[in-house]
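Colleague: Test case, fold it:
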Amino acid sequence: MTTLLKIGIAVACLLGVAGLMAWDQWRLKQQPEAPPTTTMAPAPLIAPLPTPVLQPVAPVGTTVICPEVAAPAVAEKKAETSAPAPIKPIEPPKVYTVVQGDTLYGISVKLFGTPRHYERIYEANKDRIKDPGTLQIGINLRMPEVPGTAKAAE
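Modeller: Below is the predicted model of the structure:
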């Protein structure tokens, strides 16, 4: 097809669409206006659910006959328990074995919780990694000391 014929077909299509839009606007103007509606709010389709009332729950293994009597016993048990021991952060391993799909970025996220240490992993293993974008499956990588992970565990 020649360029002139293509332009002619495109113009004909545009004129057809414009004609349809004009006819639709004319048809909308010919319809009588609907009478004004009242300003009443529509009724809800679904009734609102009642708000649940939360009751105190006794510890597992205790028999509760009356909730008012059981409440002081629960408070006494809470006072008896000591504060939980502080949680020590997990220290990353000294050596990591590469599995299928691993990248330095992913290993950094997996072990340190952030991707910003991937360059340190590469620097610690330059002798083992030829291309930082491709890791050999099964290779053991030395993990560098990262401030904030091993030090926080001490």
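Colleague: Where do the strands of this protein begin and end?
Modeller: 95-97, 140-142 (DSSP state E).
Colleague: Just name the most buried of those strands.
Modeller: strand 140-142 (a mean of 15; mean count of other Cβ atoms under 10 Å). C-beta here means a position set from N, CA and C on the backbone, and glycine is covered the same way.
Colleague: Okay, helices next: where are they in the protein?
Modeller: Assigned by DSSP state H, the chain shows helices spanning 3-30, 67-80, 104-112, 118-124, 150-153.
Colleague: Quick check: which of those is nearest to Ile46?
Modeller: Evaluated with Cβ to Cβ, the helices of the chain place helix 67-80 nearest to Ile46, the distance being 32.6 Å.
Colleague: average pLDDT across that closest one?
Modeller: For helix 67-80, mean pLDDT rounds to 52.
Colleague: could I get the strands of the chain as CSV with distance to Gly8 and mean pLDDT?
Modeller: Converted to CSV, those look like this (distance: least, Cβ to Cβ, whole Å; pLDDT from 0 to 100):
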stretch, distance to Gly8, mean pLDDT
strand 95-97, 67, 90
strand 140-142, 67, 90
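Colleague: how about the helices of the chain in CSV, adding distance to Met143?
Modeller: Formatted as CSV, these follow (distance: least, Cβ to Cβ, whole Å):
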stretch, distance to Met143
helix 3-30, 63
helix 67-80, 42
helix 104-112, 7
helix 118-124, 7
helix 150-153, 9
